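*Asks:* Provide a 3D model corresponding to the input given below.
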Amino acid sequence: MTRRKTLQDLTIKDNFMFGAVMSVEENCIGFLELVLGIEIERIVISKEKSIMYHPEYKGVRLDIYARDENHTHYDVEMQVKPKDALGKRARYYHVQMDTECLALGVEYEMLPKSFVIFICDFDPFGKERYVYTFCNCCLEEGALRLEDGTQTIFLSTKGKNHSKVPKELIEFLEFVGANVEESEKDYGNSLVRQMQRTIRGIKTNREIGERYMLLQELLRDEKREGRAEGRLEAMRDSVLSLLEEIGEIPEELRKEIEEIDNLDFLKTLHKKAARAESVEMFVTEMKKLLEMGKEKK
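*Replies:* All right, here's what the predicted structure looks like:
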């Protein structure tokens, strides 16, 4: 059985810690300036995606969504394990940011620049680079850019092209990829030191510790509920599939089966459906079961 992680076991690549660290304005600004090579005066980190609020750390998030003084929008995602369709995930995040701006009445030509940044503890493209930057360009004329204001960046802790990347960024990525013990060492990097101080403060904050434990319980409950609903859905589908083999299912019957949330009852219906010679016969047996259930109550 896997031991549950405590707050003390977390590093910056754990979603809870990443959200707490990056919700501190100076950490978020320092990170964006390091990656993008620009100066940012101030940044507003959205509270709308918070799942656990804390007055000091502005909420704990599973991702970071922010905008700067020039209204440039940023979405930063931590990815510990490889996932399918990272490119389409990036597309989705860009669309989300644009949709929010348009909903506020922004005209197309006034859409702000947007960056989606993935911090990956693996090599997303297998080319041994620390940084992969994507923007829209013309296939026929490689130097011709669409200038749509979007850019997607993938950072990898597994890069090897040291001479092509700033030393400070490599040090940061080494910090991201480190285990708990290694993450405490001195990387000779001011941003990393700043984040290490934030992490120490988080780990000694009793209130945040309690909130982390509560979040873990909520996530476990959600996972259990998801598994239970998955079993219910699978059994409903199986009952309907058996019925479809013996006849046309009336819409009213289909709706009634889809609303059943008792797994044992669905298992009984499954047996009835497997033995029924017609949908009508199944309906009769189902009504008998429902009547028996009413009598027991």
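*Asks:* okay, CA-based contacts and neighbour counts for the rest of this
*Replies:* Will do.
*Asks:* please identify the buried residues of the helix or strand containing residue 281?
*Replies:* For residue 281, the host element (DSSP states H and E) is helix 279-296. With burial defined by 16 or more other C-alpha atoms under 10 Å, the residues of helix 279-296 counted as buried are 279-280, 282-283, 285-286.
*Asks:* with respect to residue 147, which of those residues is nearest?
*Replies:* Of all the buried residues of helix 279-296, residue 279 has the smallest distance to residue 147: 59.8 Å, by C-alpha to C-alpha.
*Asks:* contacts only, for that closest one.
*Replies:* Shown in contact with residue 279 (C-alpha atoms under 8 Å, 6 or more residues apart in numbering): 243, 246-249.
*Asks:* could you check how far it is from residue 73?
*Replies:* 56 Å (C-alpha to C-alpha, to the nearest Å).
*Asks:* and the closest residue to residue 39 other than its chain neighbours, how far from residue 199?
*Replies:* Using C-alpha to C-alpha, 6 or more residues apart in numbering and skipping the chain neighbours, the partner closest in space to residue 39 is residue 33 (5.8 Å). Distance from residue 33 to residue 199, counting by C-alpha to C-alpha: 20 Å.
*Asks:* for the two, indicate the residue with more neighbours.
*Replies:* More neighbours surround residue 199 than the other of residue 33 and residue 199, with 22 against 13 (other C-alpha atoms under 10 Å).
*Asks:* check the offset of the helix or strand containing the more buried one from the chain's centre.
*Replies:* In this structure, residue 199 sits in helix 190-203 according to DSSP H and E. With C-alpha atoms, centre = their mean, to the nearest Å as the basis, helix 190-203 stands 23 Å off its chain's centre.
*Asks:* with stretch 34-42 instead?
*Replies:* 25 Å.
*Asks:* next: stretch 175-182.
*Replies:* Distance, centroid of stretch 175-182 to centroid of chain: 22 Å (C-alpha atoms, centre = their mean).
*Asks:* got the end-to-end distance for it?
*Replies:* Stretch 175-182: ends 8 Å apart by C-alpha to C-alpha.
*Asks:* the helices in this protein, which residues?
*Replies:* Applying DSSP state H to the chain gives helices spanning 15-22, 25-36, 86-103, 167-177, 190-203, 206-244, 251-258, 263-275, 279-296.
*Asks:* save those as JSON lines, and put in distance to residue 67 and mean pLDDT too.
*Replies:* Listed next are the helices of the chain as JSON lines, based on distance: least, C-alpha to C-alpha, whole Å; pLDDT from 0 to 100:
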{"stretch": "helix 15-22", "distance to residue 67": "13", "mean pLDDT": "90"}
{"stretch": "helix 25-36", "distance to residue 67": "10", "mean pLDDT": "95"}
{"stretch": "helix 86-103", "distance to residue 67": "10", "mean pLDDT": "88"}
{"stretch": "helix 167-177", "distance to residue 67": "22", "mean pLDDT": "97"}
{"stretch": "helix 190-203", "distance to residue 67": "20", "mean pLDDT": "96"}
{"stretch": "helix 206-244", "distance to residue 67": "26", "mean pLDDT": "82"}
{"stretch": "helix 251-258", "distance to residue 67": "43", "mean pLDDT": "91"}
{"stretch": "helix 263-275", "distance to residue 67": "47", "mean pLDDT": "90"}
{"stretch": "helix 279-296", "distance to residue 67": "57", "mean pLDDT": "83"}
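*Asks:* among the ones you listed, which comes closest to residue 65?
*Replies:* It's helix 86-103; of those, that one is closest to residue 65 (C-alpha to C-alpha) at 8.9 Å.
*Asks:* can you list contacts of stretch 81-95?
*Replies:* Contacts for stretch 81-95 (C-alpha under 8 Å, 6+ apart): 75, 114-116, 120-122, 124, 150, 152.
*Asks:* tabulate those residues (a markdown table), appending neighbour count and pLDDT.
*Replies:* Below are the contacts of stretch 81-95 laid out as a markdown table (neighbours: other C-alpha atoms under 10 Å; pLDDT from 0 to 100):
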| residue | neighbour count | pLDDT |
| --- | --- | --- |
| 75 | 21 | 92 |
| 114 | 23 | 94 |
| 115 | 26 | 95 |
| 116 | 23 | 95 |
| 120 | 24 | 97 |
| 121 | 22 | 96 |
| 122 | 19 | 96 |
| 124 | 21 | 96 |
| 150 | 18 | 94 |
| 152 | 21 | 97 |
